[in-house]
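Peer 1: I'd like to go over a predicted model; first the sequence, then the structure.
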Amino acid sequence: RKEVEQDPGPFNVPEGATVAFNCTYSNSASQSFFWYRQDCRKEPKLLMSVYSSGNEDGRFTAQLNRASQYISLLIRDSKLSDSATYLCVVNTREYGNKLVFGAGTILRVKS
Amino acid sequence: SAVISQKPSRDICQRGTSLTIQCQVDSQVTMMFWYRQQPGQSLTLIATANQGSEATYESGFVIDKFPISRPNLTFSTLTVSNMSPEDSSIYLCSATGWRSYNEQFFGPGTRLTVL
């Protein structure tokens, strides 16, 4: 079983749609959680951290369920510029950094 | 905010040769890392670059194949040794420490093709 699993998609949605991505992780001792965005032929960039209480940044909402080892990302009012690969990322070390990346979910927003 | 640069941005190399990739951060950071992203796949951590000491390698990666240096807080190199076509990949440098310990920021990557 992969340490971080995501639905690869692609998700094809019209502008203005709401879309949700899910992610599960296998290491129950994981400490911190993130969503990164990667555009084609570019490096990954941090979209948002994911906190236990859930957090929102504009049109983006992230949720964490530690009991189920499940992370989600909700994008409201999708824009064409949201088209990218969204990477679920988990820090699996209690001390130090080891980021484990999911394979990514492809989002295509169409007009 | 700080910027991470990598050189070269891309290269095409012959089998059996070695390539050294440089990573430069424009401000002091606490930790630096090297990742590999093979075509169509996600990122895999190769090693943590430790300042002034040997890098810490992840399972499946060894120093003889991927020697790493980090002589100071802002610079690191990764060498891909005795290359084969299976080493064709994007190699990315990352760093952490500007805002929080857990958040990593990535360089633009080096696209390597081995013939």
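Peer 2: Good, I have the coordinates.

Peer 1: for the chain, what spans make up the strands?
Peer 2: Because you didn't say which chain, this covers chain A. A:4-6, A:11-14, A:19-25, A:32-38, A:45-50, A:55-57, A:60-65, A:70-75, A:84-91, A:99-101, A:105-110 (DSSP state E).

Peer 1: that answer is for a different chain, and I need it for chain B
Peer 2: Residue ranges of the strands in chain B, as given by DSSP E, are B:4-7, B:10-13, B:19-25, B:31-37, B:43-49, B:56-57, B:68-72, B:75-80, B:89-96, B:104-106, B:110-114.

Peer 1: please work out the average pLDDT along the third one.
Peer 2: What that stands for is strand B:19-25. Averaged over strand B:19-25, pLDDT sits at 97.

Peer 1: so how far is stretch B:45-54 off the chain centroid?
Peer 2: 10 Å (C-alpha atoms, centre = their mean, to the nearest Å).

Peer 1: need the contact partners of it.
Peer 2: A:96-100, B:31-36, B:55-58, B:61, B:63, B:66, B:68-73, B:76, B:78, B:91 (C-beta atoms under 8 Å, 6 or more residues apart in numbering or on different chains). For glycine as for every other residue, the C-beta is placed from the backbone atoms N, C-alpha and C.

Peer 1: hmm, 7 Å instead?
Peer 2: Contact with stretch B:45-54 is made by A:98-99, B:31-36, B:55-58, B:61, B:63, B:66, B:68, B:70, B:72-73, B:76, as judged by C-beta atoms under 7 Å, 6 or more residues apart in numbering or on different chains.

Peer 1: start to end distance for it?
Peer 2: Terminal residues of stretch B:45-54 are spaced 16 Å apart (C-alpha to C-alpha, to the nearest Å).

Peer 1: average pLDDT across it?
Peer 2: According to the model, stretch B:45-54 has a mean pLDDT of 91.

Peer 1: one step back: reformat the strands of chain B as a markdown table; add mean neighbour count.
Peer 2: Below are these laid out as a markdown table (neighbours: other C-beta atoms under 10 Å in any protein chain shown):
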| stretch | mean neighbour count |
| --- | --- |
| strand B:4-7 | 17 |
| strand B:10-13 | 13 |
| strand B:19-25 | 19 |
| strand B:31-37 | 23 |
| strand B:43-49 | 21 |
| strand B:56-57 | 16 |
| strand B:68-72 | 17 |
| strand B:75-80 | 21 |
| strand B:89-96 | 23 |
| strand B:104-106 | 22 |
| strand B:110-114 | 18 |
